[in-house]
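>>> Test case, fold it:
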Amino acid sequence: MPDLLISSLTNYFANMSIVDKQLPMISLSMLLAGQRAIVQMVAGSTELVRHLSEMGIHEGSNLEMVRPGSTCILRINGTKLCVRGDELLQVMVTPLTTTRQAG
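Numbers count the residues shown, from 1 in each chain. Predicted coordinates for the structure are as follows:
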C-alpha cells in the first residue's frame, strides 16, 4: 500500500504544470530583515499601484527587506526606501532563500 501511495504522489507531482509548482506568495510585511523577494502582485487603488510602481515596487521587481516594521525600509535597485505598513499589505511577494546582512 505505501508503494502505491508513493507512486501516485510521484505521478501527481511530475504532471503538475509550472503554475502549480510556484512558490507561495506572502505579504511584503512578512519578510524578515535581510530577506530578499520578488514582487508577484500589487493590489490596491490605481493611485497606490502607480505610486508604488514609481518607487520601483511592481510585478517582477527584486527587493530586500532592510528593516521590517510598521514603517519599513526596503532596498530596491541599490536604493533604500521607506514604506508605510498599510502599503506593504498590498504587495504580494515570493521570498527567495538567500539572505544577506541588512544595513
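
>>> Quick one: residues contacting the most centrally placed residue in the chain.
Nearest to the mean C-alpha position of the chain, by C-alpha atoms, centre = their mean, lies V93 at 1.6 Å. By C-beta atoms under 8 Å, 6 or more residues apart in numbering, V93 lies in contact with M25, I26, S27, L28, L31, A37, I38, V39, Q40, L63. Backbone N, C-alpha and C define where each C-beta goes, glycine included.

>>> ok, now with 6 Å
V93 makes contacts with L28, A37, V39, as judged by C-beta atoms under 6 Å, 6 or more residues apart in numbering.

>>> Which helix or which strand is home to it?
According to DSSP states H and E, V93 maps onto strand 91-99.

>>> Next, the buried residues of that strand.
Within strand 91-99, the residues scored as buried using 16 or more other C-beta atoms under 10 Å are V91, M92, V93, P95.

>>> for the chain, what are the low-confidence residue spans?
For the chain, residues meeting the criterion pLDDT under 70 lie at 1-23, 98-103.

>>> And the helices in it?
2-14, 46-54, 85-88 (DSSP state H).

>>> between the contacts of V93, which is closest to L81?
L28 (11.7 Å; C-beta to C-beta).

>>> For the closest one, which non-adjacent residue is closest in space?
Once flanking residues are discounted, L28 sits nearest to V91: 4.0 Å by C-beta to C-beta, 6 or more residues apart in numbering.

>>> Can I get the buried residues of strand 91-99 in a markdown table including distance to G56?
Putting the buried residues of strand 91-99 into a markdown table (distance: C-beta to C-beta, whole Å) gives the following:
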| residue | distance to G56 |
| --- | --- |
| V91 | 11 |
| M92 | 16 |
| V93 | 13 |
| P95 | 18 |
